[in-house]
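**Student:** What follows is a predicted structure for the sequence shown.
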Amino acid sequence: MKTLVTGATGFLGGALTRRLHSMGWQVTALGRNPEKLNQLEDDGIQTVRADISKKNEVTASFSDVELVFHCAALPSPWGGFEKFYQANVIGTRNVVQACMEKNVKRLVYVSTPSLYFDYSSRMGVKENDPLPEPISHYAHTKRLAEEEVDKGFEQGLAVVSIRPRALFGEGDTVIFPRLIPRLQSGRLPILGDGENVVDLTYIQNVVDALLLCAESPINTLGKTYNITNDEPVKLWKLIERICDELGYPHPSRRISYKTANTAASTLEFLYSLIPYSPEPPLTRVSVSMMANNTTLDISAAKAELGYQPKVSVEEGVQRFLKWWKEKN
């Protein structure tokens, strides 16, 4: 099957592209990072350098494609709204329109469970639970992007979407790589009571879910599915596990959620006054993610997609740490 992956130079898109290639699929990797595109080419994968916010570049890339995985996005807890809008909303609109113009048989879209969060603990969140006001530009624009996907479905595009929670594993550039330097320096305090429970998802389990979406039955079209490892873990116990493996001291200093959130609010205000508005060392989004309970209900994905996470959190962490040690 002739397949195209957007965001193929990113964490998830890259893992998916390499899996498809290993399975013998005819896959084209679309991305903007020339170094990572070169690495994919070295592995024998066809690549296209394109900016998804530019419709002509997207449409030209979709010729003779049967299946599209739209993994490209701008994910960040901080940044100007326009950048998020161009990447996440305009980019998705362009992908949807190109799929319809080029008669793509199916689009598989990667959304985010950030749509569910409201600076409070939420357990067992289902796909059809009411959505709160978005807590970040990322969540806001991904919600608007889902609306673009819904419009495509209403106009006849076959599409299935997923909301995978907290991806980690070999090649991770977001979660653990941002955390480990602070653990190494001993500067990371425990935010909240240290007992909060969270869902994570090992990267190859998400790739499995995407492959299931590519060939899922007709009753799944137009739907969105939560994806996790389905084994909630105590976040700070996991952090201690990583510290033990890497030889770092456990975080011991504690800061209440209220204090941390107030500090993050102040930092966000101060950093917004700086030209180019760099990301502050602490944001309200990151405080909420580190201090609150966050789990999703994945019963729909199990029942309708046949999704079952194959790699446990523990095995995934072992694989990540092995990769991290070899890399560093």
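**Tutor:** That came in fine, so what should we check first?

**Student:** what helix or strand is Ala73 on?
**Tutor:** Using DSSP states H and E, Ala73 is not contained in any helix or strand.

**Student:** Who are the contact partners of it?
**Tutor:** Gly7, Gly10, Ala87, Asn88, Gly91, Val110, Thr112, Lys142, Ala145 (Cβ atoms under 8 Å, 6 or more residues apart in numbering). C-beta: built from backbone N, CA, C; applies to glycine.

**Student:** Now, those that are in strands?
**Tutor:** The strands in this structure, assigned by DSSP state E, contain Val110 from the contacts of Ala73.

**Student:** can I get the contacts of Ala73 in TSV with distance to Leu183 and neighbour count?
**Tutor:** Shown next, in TSV, are the contacts of Ala73 (distance: Cβ to Cβ, whole Å; neighbours: other Cβ atoms under 10 Å):
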residue	distance to Leu183	neighbour count
Gly7	28	27
Gly10	24	24
Ala87	30	23
Asn88	30	29
Gly91	34	26
Val110	28	27
Thr112	25	21
Lys142	29	25
Ala145	33	28
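
**Student:** What is the most widely separated pair among the contacts of Ala73?
**Tutor:** Gly10 and Ala145 (15.4 Å; Cβ to Cβ).

**Student:** sorry, back to before: can you lay out the contacts of Ala73 as a markdown table showing distance to Leu211?
**Tutor:** Shown next, in a markdown table, are the contacts of Ala73 (distance: Cβ to Cβ, whole Å):
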| residue | distance to Leu211 |
| --- | --- |
| Gly7 | 16 |
| Gly10 | 17 |
| Ala87 | 25 |
| Asn88 | 23 |
| Gly91 | 23 |
| Val110 | 13 |
| Thr112 | 19 |
| Lys142 | 22 |
| Ala145 | 22 |
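
**Student:** Could you single out the nearest of the contacts of Ala73 to Glu231?
**Tutor:** Looking across those and measuring by Cβ to Cβ, the closest to Glu231 is Thr112, at 20.1 Å.

**Student:** Would you confirm that the closest one contacts Arg163?
**Tutor:** Yes: shown here, Thr112 and Arg163 form a contact pair, counting by Cβ atoms under 8 Å, at 5.7 Å.

**Student:** any idea how far Ala87 is from the closest residue to Trp25 other than its chain neighbours?
**Tutor:** Leaving aside its chain neighbours, Trp25 sits nearest to Thr3 (5.4 Å; criterion: Cβ to Cβ, 6 or more residues apart in numbering). Per Cβ to Cβ, to the nearest Å, Thr3 is found 22 Å from Ala87.

**Student:** Check Ala158 too.
**Tutor:** 24 Å.

**Student:** Start from the N-terminal end of the stretch 151-300 of the chain and give the helices.
**Tutor:** Using DSSP state H, counting those that start in this stretch, the helices of the stretch 151-300 of the chain run over residues 176-185, 203-214, 235-246, 257-272, 284-291, 299-300.

**Student:** Could you tell me the phi and psi values at Thr47?
**Tutor:** With angles defined as degrees, to the nearest 10, Thr47 sits at phi -130, psi 160.

**Student:** same thing with Ile274?
**Tutor:** According to degrees, to the nearest 10, Ile274 has phi -80, psi 140.

**Student:** How many residues are close by it?
**Tutor:** Neighbourhood size, Ile274 [other Cβ atoms under 10 Å]: 9.

**Student:** hey, where'd the helices end up in the stretch 1-150 of the chain?
**Tutor:** 11-22, 34-42, 55-61, 81-84, 91-101, 137-154.

**Student:** wait, which of these is closest to Val311?
**Tutor:** Comparing those by their distance to Val311 (Cβ to Cβ), the top pick is helix 11-22, with 12.1 Å.

**Student:** want to throw the helices of the stretch 151-300 of the chain into TSV with mean neighbour count and distance to Gln39?
**Tutor:** Formatted as TSV, the helices of the stretch 151-300 of the chain follow (neighbours: other Cβ atoms under 10 Å; distance: least, Cβ to Cβ, whole Å):
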stretch	mean neighbour count	distance to Gln39
helix 176-185	14	18
helix 203-214	23	17
helix 235-246	17	26
helix 257-272	15	34
helix 284-291	22	30
helix 299-300	16	36
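
**Student:** now the ones you listed in JSON lines, with mean pLDDT and distance to Ala60?
**Tutor:** Converted to JSON lines, these look like this (pLDDT from 0 to 100; distance: least, Cβ to Cβ, whole Å):
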{"stretch": "helix 176-185", "mean pLDDT": "91", "distance to Ala60": "34"}
{"stretch": "helix 203-214", "mean pLDDT": "98", "distance to Ala60": "23"}
{"stretch": "helix 235-246", "mean pLDDT": "95", "distance to Ala60": "44"}
{"stretch": "helix 257-272", "mean pLDDT": "92", "distance to Ala60": "38"}
{"stretch": "helix 284-291", "mean pLDDT": "91", "distance to Ala60": "36"}
{"stretch": "helix 299-300", "mean pLDDT": "98", "distance to Ala60": "36"}
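
**Student:** If anything else comes up later, I'll come back, but that's it for now.
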